[in-house]
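Asks: I'll drop the sequence and a predicted model, then ask my questions.
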Amino acid sequence: MAGRIPPEFIDDLLARTDIVDLINRRVPLRRGGKDFHACCPFHDEKTPSFTVSREKQFYHCFGCGAHGTAIGFLMDYEHQDFLDVVKDLASEAGLEIPRSGELVSKGPDPRPLYAMMEQAADLFRQQLRQHPSAVRAVGYLKGRGLSGEIAAAFGIGYAPPGWDFLLTRLGLDDETRSQLIQCGLVIDQDGRCYDRFRERIIFPIHDRRGRFIGFGGRILGDGKPKYLNSPETPIFHKSRELYGLYQALQANRKVERLLVVEGYMDVIALAQFGISYAVATLGTATTSEHLRQLLPQTPELVFCFDGDRAGRGAAWKALEISLPQTTGQQQIRFLFLPDGEDPDTLIRKEGQGAFEHRIRHAPSLSEFLFERLTDQVDMSSLDGKARLAALASPLIARVPKGLFRDMLNQRLASLVGVAAPQLEGGQTNARPTVRHPARRPPANRQATTPLRLAIALILQHPHLAPAATSIANDWRRLEKPGISLLNELIDLIESHPELTPASITERWRGRDSHHHLQRLADPQLLAHIPEDGLEAELIGALHRLLEETRAMHSEGLFNRASTAEWTEEEKMMLRRSILLRHHNKT
């Protein structure tokens, strides 16, 4: 079945699928360093050994050896076959499975749009430095206390006055003009096109991979709207994205905390004063999609709101959104600021130490929950306590079953004065039944031969493939199982250098060698090799294959009746083989 779908389609499908998001929707992940971790869904364990790499778009369990791509994960976890998984992923990505070998897309290929957004971001940054009218923008930023370094770190730019700045520089033909419209950079009104962002300070918005997906623009002067965001586009969805998340992940290898604030300037000012873990929603309230992105990244999530009635109302909505994803594995807090203050102004008054003291002592989710509810009832009366139980029980029921939900019920029971089981009709909270797909046998953990080592290195680190051309390629003629696989692997990466390890592995699905590639994709095979030694290991493995090739060829030459039958090329190869052996001995 896999052979009927063009490999280019699978490449595109995997490029549009983030394995971290996909797995996190099924198995809650937590960030640890640059990767994400959880207890393995494929075998029982108490200590997490399941790792997901966004960089490689691959998952691996160091306990049972299960590993693979997004497609492989769904096949095992959902017990689906390859075609059903591809159909589901294609539907999510807005693609149709190609017929007659042609790719049919419901939406534009996103890669040209990302490229267009990057060009626009570069132009906006240049204008902040070069355009004569940018002096107002620079003055505004300096007046807000922003340094040049922090402005550069966040890529702040400037859209000059006029209706066609981007149009005249990027929209040079119908195709690029169409891309500008799809990106939301240009507005098409009854055939008349003009720039969306004009005379505004520009704040680029990145996704977690660092790609430019949208912009926010702050007007200079008293015009409206004060802030203008990119519209919904094929690559930008406000309800999912968070400003500053990419910068926070880049600045903190291990993200101990994320702080959710309201505006661009709050994020940037906090970063300038040493709080490099702030993010902002893009003009919307916090959504469940936001939480699905934030909770796996950090053990502590803090929502920051104004201390007035509106701020507390917004905080309560954030709490309600959080409940279905609250397991107690992450600490969720609610920070309320003094009247008239926002993070930008308060950090400048108090400094980093005092501000972080506020964060550390902010009420937890459970504290805010019961404080808010007890304020609404008379806790001195039985009727008030019954009312508290009626208000709290439906909210607690939205929390996933487990220890944290049990503890919330115990806290409610202590406030109300009844036994916890009575709050749920005499039913205690049981752990959910965990479905375990068939356990895979552990992978072979040692790349014992030069050939296996070379394949594993190039598969897991495709950027090493060009190093294979730095030595003589006689090894390609070695008559040995696996050489053709290594040859094909190198040729594929040379012609498609953008492929990830996940995409490369999927190219072999349905072929006999796919199983071997799956085993060689195991990161434990290379765990003993430091990152700066990977290329040397590859060259060393290929040299050993080269020596083996020449040794076998030499043996074939000596088996001939007469040296007169040797060609000049064969004589030269024999001399190289002897020299190589001598070099290795010395």
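Replies: Thanks, I have the structure now.
Asks: which regions of this structure lie under the pLDDT threshold?
Replies: Applying pLDDT under 70 to the chain flags the ranges 1-4, 79, 99-109, 420-448, 472-475, 479, 550-586.
Asks: Could you list the domains of it?
Replies: Under the assignment automatic domain parsing, the domains of the chain span 2-105, 110-229, 242-363, 370-423, 450-585.
Asks: right, and those - which one's nearest F236?
Replies: For the domains of the chain, the distance to F236 is smallest for domain 110-229, at 4.0 Å, taking CB to CB. Using the backbone N, CA and C atoms, a C-beta is placed for each residue, glycine as well.
Asks: Of the domains of the chain, give the one that comes closest to I235.
Replies: Checked against CB to CB, the stretch from the domains of the chain lying closest is domain 110-229, at 4.9 Å.
Asks: Turn the domains of the chain into a markdown table, columns for distance to F236 and mean neighbour count.
Replies: Listed next are the domains of the chain as a markdown table, based on distance: least, CB to CB, whole Å; neighbours: other CB atoms under 10 Å:
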| stretch | distance to F236 | mean neighbour count |
| --- | --- | --- |
| domain 2-105 | 14 | 18 |
| domain 110-229 | 4 | 17 |
| domain 242-363 | 9 | 18 |
| domain 370-423 | 30 | 16 |
| domain 450-585 | 22 | 16 |
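Asks: Please save the CA atoms from stretch 81-91 in CSV.
Replies: Output of stretch 81-91 as CSV, limited to C-alpha atoms (Å, rounded to 0.1, in the frame of the first residue of the first chain):
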residue,chain,number,x,y,z
ASP,A,81,-2.8,0.3,9.1
PHE,A,82,-0.5,2.6,7.1
LEU,A,83,-3.1,3.9,4.7
ASP,A,84,-5.6,4.8,7.5
VAL,A,85,-2.9,6.7,9.3
VAL,A,86,-1.9,8.6,6.2
LYS,A,87,-5.6,9.5,5.5
ASP,A,88,-6.0,10.9,9.0
LEU,A,89,-2.8,12.9,8.9
ALA,A,90,-3.5,14.2,5.4
SER,A,91,-7.0,15.3,6.6
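Asks: where along the stretch 251-400 of the chain do the strands fall?
Replies: 258-261, 278-281, 300-306, 331-337 (DSSP state E, counting those that start in this stretch).
Asks: before we move on, what about the stretch 101-250 of the chain?
Replies: Using DSSP E, counting those that start in this stretch, the strands of the stretch 101-250 of the chain run over 102-105, 157-159, 186-189, 192-195, 200-206, 212-219, 227-229, 242-243.
Asks: Which one, of these, ends up nearest to K401?
Replies: Closest to K401 of the strands of the stretch 101-250 of the chain, according to CB to CB: strand 242-243, at 28.5 Å.
Asks: Within the sheet, what are the partner strands of that closest one, with directions?
Replies: strand 278-281 (antiparallel) (DSSP bridges).
Asks: Ramachandran coordinates for E96?
Replies: Backbone geometry at E96, expressed as degrees, to the nearest 10, gives phi -110, psi 140.
Asks: What of L14?
Replies: Dihedral angles (degrees, to the nearest 10) for L14: phi -70, psi -30.
Asks: returning to that earlier point: need the strands of the stretch 251-400 of the chain in TSV with distance to L373, can you?
Replies: Listed next are the strands of the stretch 251-400 of the chain as TSV, based on distance: least, CB to CB, whole Å:
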stretch	distance to L373
strand 258-261	23
strand 278-281	25
strand 300-306	18
strand 331-337	14
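Asks: Relative to E537, which of the ones you listed is closest?
Replies: strand 258-261 (37.4 Å).
Asks: The closest one packs against which elements?
Replies: helix 264-272, strand 278-281, helix 288-294, strand 300-306 (3 or more CB pairs under 8 Å, 6 or more residues apart in numbering; DSSP states H and E).
Asks: Dump the ones you listed into a markdown table; add distance to E371 as well.
Replies: A markdown table is the format used below for these (distance: least, CB to CB, whole Å):
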| stretch | distance to E371 |
| --- | --- |
| helix 264-272 | 25 |
| strand 278-281 | 24 |
| helix 288-294 | 21 |
| strand 300-306 | 14 |
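Asks: Among the ones you listed, which comes closest to E320?
Replies: That would be helix 288-294 among these, by CB to CB, at 10.2 Å.
Asks: which residues sit against that closest one?
Replies: Here helix 288-294 makes contact (CB atoms under 8 Å, 6 or more residues apart in numbering) with 21, 24-25, 208, 237, 239-240, 242, 245, 258, 260, 279, 281, 301, 321-322, 324-325.
Asks: Which stretch among the helices and strands packed on strand 258-261 approaches E367 most closely?
Replies: strand 300-306 (13.0 Å).
Asks: Now do that closest one: distance to the chain's middle.
Replies: Relative to the chain's own centre, strand 300-306 is displaced by 22 Å; criterion: CA atoms, centre = their mean, to the nearest Å.
Asks: which other residues reach that strand?
Replies: For strand 300-306, the surrounding residues in contact (CB under 8 Å, 6+ apart) are 256-262, 266, 286, 291, 294-295, 311-312, 314-315, 318, 330-337, 339, 341-343, 359, 362.
Asks: mind listing what that strand pairs with, with the direction of each?
Replies: Looking at strand 300-306 with DSSP bridges, its partner strands are strand 258-261 (parallel), strand 331-337 (parallel).
Asks: Columns distance to R200 on top of these, output as a markdown table?
Replies: Shown next, in a markdown table, are those (distance: least, CB to CB, whole Å):
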| stretch | distance to R200 |
| --- | --- |
| strand 258-261 | 21 |
| strand 331-337 | 27 |
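Asks: For R30, find the nearest of the strands of the stretch 251-400 of the chain.
Replies: Nearest to R30, of all those, is strand 300-306, at 11.1 Å by CB to CB.
Asks: The closest one to helix 264-272, inter-axis angle?
Replies: Per axes from the mean of the first three to the mean of the last three CA atoms, to 10 degrees, the angle that strand 300-306 makes with helix 264-272 is 130 degrees.
Asks: now do the same end-to-end measure for stretch 74-87.
Replies: One end of stretch 74-87 to the other measures 12 Å (CA to CA, to the nearest Å).
Asks: which stretch among the helices and strands packed on strand 258-261 comes nearest Q460?
Replies: Q460 lies closest to helix 288-294 among the helices and strands packed on strand 258-261, at 26.5 Å (CB to CB).
Asks: For the residue lying closest to L166 once chain neighbours are set aside, name its beta-bridge partners.
Replies: Excluding the flanking residues, the one nearest L166 by CB to CB, 6 or more residues apart in numbering is D195, at 5.1 Å. Going by DSSP bridges, D195 is paired in beta bridges with V186.
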